[in-house]
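Peer 1: quick one: sequence and predicted model below, then my questions.
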Number of protein chains: 2
Amino acid sequence: MDIEPARRPTLKDVAEAAGVAVSTASRALADNPAVAARTRARIHDIAAGMGYRPNEQARALRRARTNTIGVIVPSLVNHYFATLVTGIQEGAAAAGLTTVIANTREDADSLAASLQVLADQRVDGVICVPHEDCADQILALHDAGLPIVLIDREIPSGQVPTVVSDPERGMHDAVRLLAETRALPIGYLSGPTTTSTGRQRLETFRTACTAAGLPEQPVYLGGYEQERGRAGAADLLDRGVTALFAGDSMMTIGVIEECHRRGLLIGEDVAVIGFDRHPVFELQPRPITVIDQDVDAMAALALQTLLAGIDGQPTTSTRMHTPTTLITRQSTPGALR
Amino acid sequence: MDIEPARRPTLKDVAEAAGVAVSTASRALADNPAVAARTRARIHDIAAGMGYRPNEQARALRRARTNTIGVIVPSLVNHYFATLVTGIQEGAAAAGLTTVIANTREDADSLAASLQVLADQRVDGVICVPHEDCADQILALHDAGLPIVLIDREIPSGQVPTVVSDPERGMHDAVRLLAETRALPIGYLSGPTTTSTGRQRLETFRTACTAAGLPEQPVYLGGYEQERGRAGAADLLDRGVTALFAGDSMMTIGVIEECHRRGLLIGEDVAVIGFDRHPVFELQPRPITVIDQDVDAMAALALQTLLAGIDGQPTTSTRMHTPTTLITRQSTPGALR
């Protein structure tokens, strides 16, 4: 006859003994700072006294998982985001997770709907390029315990783990290169100032100009679309610039388009610096100098942070950076004047 | 005092009166051929006799929907599929539906997992670029009543509504152009013969050569990746071809890369024809002649078919075509020899 093994205490038992909700007990044992430090310590003591083994609870939770994560990006036609999604997904697949993707087409309502759909479908966690108009909803889902990591852009709160690239090094190197080769004035095509990347890169461009001893340079306030890049290049060329510096990959494509239209030889008649790795930029007679955001590093860091969150590990830092690098190609020759 | 309105008969009432399951009654009234024609006629009669109004049932069904559709593609870094997904999604958004996307990275296991996840999440329907190794699973979900439309590629059964482009016109025009301008021999870069598009385009290329009075031309059996296109271009150029004809957009990018590497002027030293609209192809000093699949038309037709399926309308045709068109640009000059 088999002997019934002694029943092991569950998370529910711990919660009852502590007089708190199961969710509170779970968070306390995961050292979630949402639970007061004193309460956490008390619940840890109670759990230890009962012989509660959190690993069993973790296994039970794992069984309840959907093993699915959601990724929300503002565009898929934009090669940068397609690469970012694919990088996250490859890492997730290696960890045994299926990825579902939502494309918000830079629309806040679409992002809100996608977040709700993914939450309803009980994905284990979400990696999201945020839109500032959805900040409240993102915070609410974060506070409700949905593991969520922001990528590429930020929202004001600062409570949600966020992975962004730091434009500092790449943009300072770019402006210094143009200043040293006298490819002046520099026309800068800024992304939308409704995005953290748009604002931060514009500010970094201005700081870099000052650091390089340049006066204020012409700026076009654009958007993350090819047509805005083309229109911006036209505007800045009409204003007499010698170099075009685009603040994202879609506008860089538009810059190339306008240079071709005008019969300008990139790297001879005009210097061009863009953002991101894109097949268009290398497949030019004179390939385009770019600032590389290291998308693979961003994807890996965001996924690692999300998986830690899904496993209930406390977040050690909420704002994480990956560096940017200037990749010098032939669109910015030393001889250009 | 309000008078209680006469209760209208429901689908359940019809099913009970007919002695069939609710699902059978629903399918019969939707003229789904899965129900025997005789049974369908009988249930229609019973419903009419009871004064059953299918519209009310349709409204009730609509309320139970998730208003979400799934789209499954083999790649997002491939601009063609990114455009296809975005086109479907824009149409779906206009119809009030949220789209979740899965990227299978050309992997059958990943496609199987994605199909299961979407079915579990009770999406209202799925548009899917199929993989032949998943044909059984696709058929099973189709037979279980999940509205599903295949796009871009086919699976053998022929029972599932499928939207594909017809390479005939575009490829015949392309081969005729190369034959007339004596850009011979033509090296053809074929997609994988494990895909219906790979097989069909290779066959169409050979038929087009025969129709243009050409003997058998050199072929490289490649894959839908840039590196396979580059390697194929190298192989075919070493075999002495004057024209390179790539069977998809990713291989076309690889062809351009290899021509740049060798310092060959596209449109002068070598003629190039590719597939699909892609920013890389227009943003060349001599833009690339391509076969255009009209992605927007494919996306619209697939979505329209899916929405009809979700509304329970019978499918009138299972295999639907959109035509292809040759867009002649400067990579295939008339003067090339």
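Peer 2: Arrived safely, thanks for sending.
Peer 1: every contact and neighbour count from this point should use C-alpha atoms.
Peer 2: Will do.
Peer 1: and stretch A:264-271, what's buried?
Peer 2: Using 16 or more other CA atoms under 10 Å in any protein chain shown as the test for burial, stretch A:264-271 gives A:265-268, A:270-271.
Peer 1: out of those residues, which are inside helices?
Peer 2: Judged by DSSP state H, the buried residues of stretch A:264-271 include no members of helices.
Peer 1: just the residues you listed now: which is nearest chain B?
Peer 2: Minimum distance to chain B across the buried residues of stretch A:264-271 is 9.5 Å, recorded for residue A:265 (CA to the nearest CA).
Peer 1: report the contact partners of that closest one.
Peer 2: residue A:259 (CA atoms under 8 Å, 6 or more residues apart in numbering or on different chains).
Peer 1: if I look at it, how far off is residue A:271?
Peer 2: Residue A:265 sits 9 Å away from residue A:271, going by CA to CA, to the nearest Å.
Peer 1: swap in residue A:68?
Peer 2: Computed as CA to CA, the residue A:68 to residue A:271 distance reads 45 Å.
Peer 1: now the stretch 101-250 of chain A against chain B: closest residue?
Peer 2: Residue nearest to chain B within the stretch 101-250 of chain A (CA to the nearest CA): residue A:101, separated by 4.6 Å.
Peer 1: go ahead and confirm that residue touches residue A:74.
Peer 2: No: using CA atoms under 8 Å, residue A:101 is not in contact with residue A:74, being 10.7 Å away.
Peer 1: settle it for me: which of these two has more neighbours?
Peer 2: Set residue A:101 next to residue A:74 and count neighbours by other CA atoms under 10 Å in any protein chain shown: residue A:101 wins out with 27 against 21.
Peer 1: which residues does the more buried one form a beta bridge with?
Peer 2: residue A:71, residue B:101 (DSSP bridges).
Peer 1: do the same with residue A:186
Peer 2: Judged by DSSP bridges, the bridge partners of residue A:186 are residue A:243.
Peer 1: just give the number of residues close to it.
Peer 2: 26.
Peer 1: tell me the contacts of it?
Peer 2: Residues near residue A:186 by CA under 8 Å, 6+ apart: A:178, A:217-218, A:241-245.
Peer 1: how far does the one helix or strand residue A:13 maps to sit from the chain's center?
Peer 2: Using DSSP states H and E, residue A:13 sits in helix A:11-18. The chain centre lies 38 Å from the centre of helix A:11-18; the measure is CA atoms, centre = their mean, to the nearest Å.
Peer 1: need the residues that contact it.
Peer 2: A:21-22, A:24-26, A:42-43, A:46-47, A:50, A:52, A:54, A:57.
Peer 1: what about 7 Å?
Peer 2: Identification of contacts with helix A:11-18 by CA atoms under 7 Å, 6 or more residues apart in numbering or on different chains yields A:21-22, A:25, A:43, A:46-47, A:57.
Peer 1: got the residues of the stretch 51-200 of chain A near chain B?
Peer 2: Contacts of the stretch 51-200 of chain A with chain B, taken as CA under 7 Å from any CA of the partner chain, map to A:76-77, A:79, A:82-83, A:98-102, A:113-114, A:121.
Peer 1: let's go with 6 Å and repeat that
Peer 2: Within the stretch 51-200 of chain A, the residues that sit near chain B (CA under 6 Å from any CA of the partner chain) are A:76-77, A:82-83, A:100-102, A:121.
Peer 1: quick one: mean pLDDT for stretch A:178-197?
Peer 2: In this model, stretch A:178-197 has a mean pLDDT of 95.
Peer 1: if you count neighbours, what's buried in it?
Peer 2: Residues A:178-179, A:181-192, A:195-197 are the ones in stretch A:178-197 that count as buried (16+ other CA under 10 Å).
Peer 1: read off the pLDDT value for the residue of the stretch 201-337 of chain A found nearest chain B.
Peer 2: Chain B sits closest to residue A:280 of the stretch 201-337 of chain A, with a gap of 4.8 Å, by CA to the nearest CA. pLDDT for residue A:280: 86.
Peer 1: helices or strands next to the helix or strand hosting it in the packing?
Peer 2: Element membership for residue A:280, per DSSP H and E: helix A:279-282. The helices and strands touching helix A:279-282, judged by 3 or more CA pairs under 6 Å, 6 or more residues apart in numbering or on different chains; DSSP states H and E, number zero.
Peer 1: after it, next one along is what?
Peer 2: Using DSSP H and E, the helix or strand that follows helix A:279-282 in sequence is strand A:289-292.
Peer 1: tell me which two of the contacts of residue A:186 sit farthest apart.
Peer 2: Across those, the longest distance by CA to CA is 14.0 Å; it joins A:178 and A:218.
Peer 1: how long is stretch A:143-161 end to end?
Peer 2: Stretch A:143-161 has an end-to-end distance of 12 Å (CA to CA).
Peer 1: what's that stretch in contact with?
Peer 2: Stretch A:143-161 has contacts (CA atoms under 6 Å, 6 or more residues apart in numbering or on different chains) with A:125-129, A:132, A:162-164, A:196-197, A:306, A:309-310, A:318-319.
Peer 1: so where do the helices sit in the stretch 51-200 of chain A?
Peer 2: A:54-64, A:79-94, A:108-120, A:135-143, A:168-180, A:196-211 (DSSP state H, counting those that start in this stretch).
Peer 1: give the rounded mean pLDDT of stretch A:214-225.
Peer 2: Stretch A:214-225 shows an average pLDDT of 96 in the prediction.
Peer 1: can you tell me if that stretch touches chain B.
Peer 2: No: Stretch A:214-225 is not in contact with chain B by CA under 6 Å from any CA; minimum separation 12.5 Å.
Peer 1: how is chain A carved up into domains?
Peer 2: A:11-62, A:67-165+A:295-322, A:166-293 (automatic domain parsing).
Peer 1: can I get those domains in CSV with distance to residue B:144?
Peer 2: Below are the domains of chain A laid out as CSV (distance: least, CA to CA, whole Å):
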stretch, distance to residue B:144
domain A:11-62, 29
domain A:67-165+A:295-322, 21
domain A:166-293, 42
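Peer 1: let me know which of those domains is the nearest to residue B:326.
Peer 2: domain A:166-293 (21.8 Å).
Peer 1: re the thing from before, pLDDT at the residue of the stretch 101-250 of chain A closest to chain B, what is it?
Peer 2: On pLDDT, residue A:101 comes in at 94.
Peer 1: what does the one 3 residues further on give?
Peer 2: We note a pLDDT of 92 for residue A:104 in this prediction.
Peer 1: my read: it touches residue A:74, true?
Peer 2: Yes: the pair residue A:104 and residue A:74 passes the contact test of CA atoms under 6 Å, sitting 4.7 Å apart.
Peer 1: all the strands of the stretch 201-337 of chain A, in order from the start?
Peer 2: With strands called from DSSP state E, counting those that start in this stretch, the stretch 201-337 of chain A shows them at A:219-221, A:243-246, A:271-275, A:289-292, A:319-323, A:325-327.
Peer 1: now the first one: buried residues?
Peer 2: Judged by neighbour count using 16+ other CA under 10 Å, the buried positions of strand A:219-221 are A:219-220.
Peer 1: so how far is that strand off the chain centroid?
Peer 2: Between the centre of strand A:219-221 and the centre of its chain there are 23 Å (CA atoms, centre = their mean).
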